[in-house]
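Generate coordinates for the sequence data below:
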Amino acid sequence: MATQEKFRCPWSLGSDKYIEYHDKEWGVPVHDDNTHFEFLILEGAQAGLSWSTILNKREGYRKAFANFDPKKVARFTEAKLEKLLLDPGIVRNRLKVYAAVNNAKRFLEVQKEFGTFDKYIWGFVGGKPIVNQLKTLKEIKPTTPESDALSKDLIKRGFKFVGSTVIYAHMQACGLVNDHLVDCFRYHAVPKR
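Numbers count the residues shown, from 1 in each chain. Purely as a prediction, here's the structure:
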């Protein structure tokens, strides 16, 4: 495991994979629709599980879900889904696997309505990241009014596994919110847009 030569958010210190994710991805503003779709699938798969479980299966998810191409995933057949349920490279939960295909279809509908999913989702934070000033992990909330509103709208649009806690995790991962602790070296390093 890597030594901590600089201060990082304590949640990231469990493994080298966690540290790499924290240092390179978490909290960096995402404006790529396929990346948003990837995190929707991964965050939905995480529901009730640890993020380390999902990080360890991320490559399996890339292979199983067509490199997170929503157009391809939306066309998955019943036979393809049943085959996925045998794949040890992903979380083999029937509801979550089927939800990924449903969410791909809903994702495409949002793209059609807004031009991009990115334009849609960033509208819930006024187009720029919410930068919190947190000193301890205890200050990080599981949900916010913004995640509540986004979750409610996604559910209304037919998405699955998009409760407010899952959506807040998505917002943190994709940089709609900067929840790095203020002492973390990434707090000031992540872009503000």
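
Which of the helices and strands in this structure ranks last by mean pLDDT?
In the chain, no helix or strand scores lower on mean pLDDT, DSSP states H and E than helix 51-56, which sits at a mean of 92.

Distance from the longest helix along the chain to the middle of the chain?
Longest helix in the chain by number of residues, with DSSP state H as the criterion: helix 94-114. In terms of Cα atoms, centre = their mean, to the nearest Å, the centre of helix 94-114 is found 14 Å from the chain centre.

can you give me the helices in this protein?
Applying DSSP H to the chain gives helices spanning 16-24, 33-46, 51-56, 58-64, 70-74, 78-84, 94-114, 117-122, 145-156, 164-173.

so can I have TSV of those helices showing mean neighbour count and distance to Pro129?
In this view, the C-beta of every residue, glycine as well, is placed from N, C-alpha and C. Below are the helices of the chain laid out as TSV (neighbours: other Cβ atoms under 10 Å; distance: least, Cβ to Cβ, whole Å):
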stretch	mean neighbour count	distance to Pro129
helix 16-24	15	16
helix 33-46	23	14
helix 51-56	16	20
helix 58-64	15	23
helix 70-74	19	24
helix 78-84	12	34
helix 94-114	18	19
helix 117-122	20	9
helix 145-156	17	11
helix 164-173	23	9
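
Which residues does the least confident helix or strand of the chain contact?
The contact list for helix 51-56, computed with Cβ atoms under 8 Å, 6 or more residues apart in numbering, reads Gly14, Ser15, Lys17, Tyr18, Tyr21, Leu42, Ala45, Gln46, Tyr61, Val91, Ala169.

Averaged pLDDT, stretch 120-132. What do you get?
Across stretch 120-132, pLDDT averages out at 97.

How about stretch 147-157?
98.

Then stretch 169-183?
Taken as a whole, stretch 169-183 has a mean pLDDT of 97.

in the protein, which segments are predicted with low confidence?
Residues of the chain meeting the criterion pLDDT under 70: 1-4.

Do I have it right that Leu134 meets Val177?
No - using Cβ atoms under 8 Å, Leu134 is not in contact with Val177; the gap is 10.4 Å.

Comparing the two, which residue is more hemmed in?
Neighbours per residue, other Cβ atoms under 10 Å: of Leu134 and Val177, the larger number sits with Val177, 24 against 19.
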